[in-house]
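Undergrad: just a sequence and a predicted model for now, questions to come.
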Amino acid sequence: MVDITELLGVLPHRYPMLLVDRILEINEEGTQCTGLKNVTMNEPFFQGHYPGKPIMPGVLIIESMAQVGAALLMKNPTLAGRIPLIGGIDGVKFRRMVQPGDQLIINIEILWVKGNVGKMLASASVDGDLAAKMEMVFKLADPNQSAE
């Protein structure tokens, strides 16, 4: 298990953009993991995203899944030291609303990595019901290289 203190040492994100609370499990091969995002009414986006009927924006669900995937990649000793960036997302499907009080359980599976590019499968669920899923292509960038 990776708690929030260790996540802060692994991920470059900080409040309000850190959207993962904990990594619950990483398999022995380092190719699959499960993460947790507690969705609370205190999230800054709920002030303006459907006041009176707050729902978590889909783009932030996608970002939560990407951050769990990034944590998995950055915990892998052979890939550590590089920053994972989203290269593309495919087949995004939203199946249910995510609301304050929900626990978003995020599952990641790395499908392949070749050099600095890879692909992962991500899903997010609440109470066992699928909330969202996607495939994501990522690039592993050198943190000392410019963004050009």
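TA: Received it, and whenever you're ready, just let me know what you need. Residues are numbered from 1 along each chain as shown.

Undergrad: need the next SSE after the longest helix along the chain, C-terminal direction.
TA: The residue-count maximum for a helix in the chain (DSSP state H) belongs to helix 58-75. Toward the C-terminal end, the helix or strand that comes next after helix 58-75 (DSSP states H and E) is strand 83-94.

Undergrad: neighbours of Glu25, how many?
TA: 11 (other Cβ atoms under 10 Å). In short, each C-beta sits where N, CA and C put it, glycine included.

Undergrad: and it, how far from Ala141?
TA: 27 Å (Cβ to Cβ, to the nearest Å).

Undergrad: cool, Gln32 as well?
TA: Gln32 is 23 Å from Ala141, by Cβ to Cβ.

Undergrad: buried sites along stretch 88-101?
TA: Within stretch 88-101, the residues that count as buried by 16 or more other Cβ atoms under 10 Å are 92, 98.

Undergrad: so for it, mean pLDDT?
TA: On average, the pLDDT along stretch 88-101 is 96.

Undergrad: the residue of the chain positioned farthest from its centre in helix, strand or coil?
TA: In the chain, the residue that sits farthest from the middle, by Cα atoms, centre = their mean, is Gly52; the gap is 26.7 Å. For Gly52, the assignment made with DSSP: H, G, I helix; E, B strand; the rest coil gives coil.

Undergrad: so what's Gln84 up against?
TA: Not quite, residue 84 is Pro, not Gln. Taking Cβ atoms under 8 Å, 6 or more residues apart in numbering, we find Pro84 in contact with 69-70, 73-74, 138-141.

Undergrad: please identify which of those residues is nearest to Glu109.
TA: Nearest to Glu109 among the contacts of Pro84, counting by Cβ to Cβ, is Gly69 at 9.2 Å.

Undergrad: what pLDDT does that closest one get?
TA: For Gly69, pLDDT reads 95.

Undergrad: that older thread, now for the longest helix of the chain, which elements pack on it?
TA: helix 4-10, strand 22-26, strand 32-38, strand 83-94, strand 103-114, strand 117-126, strand 129-141 (3 or more Cβ pairs under 8 Å, 6 or more residues apart in numbering; DSSP states H and E).
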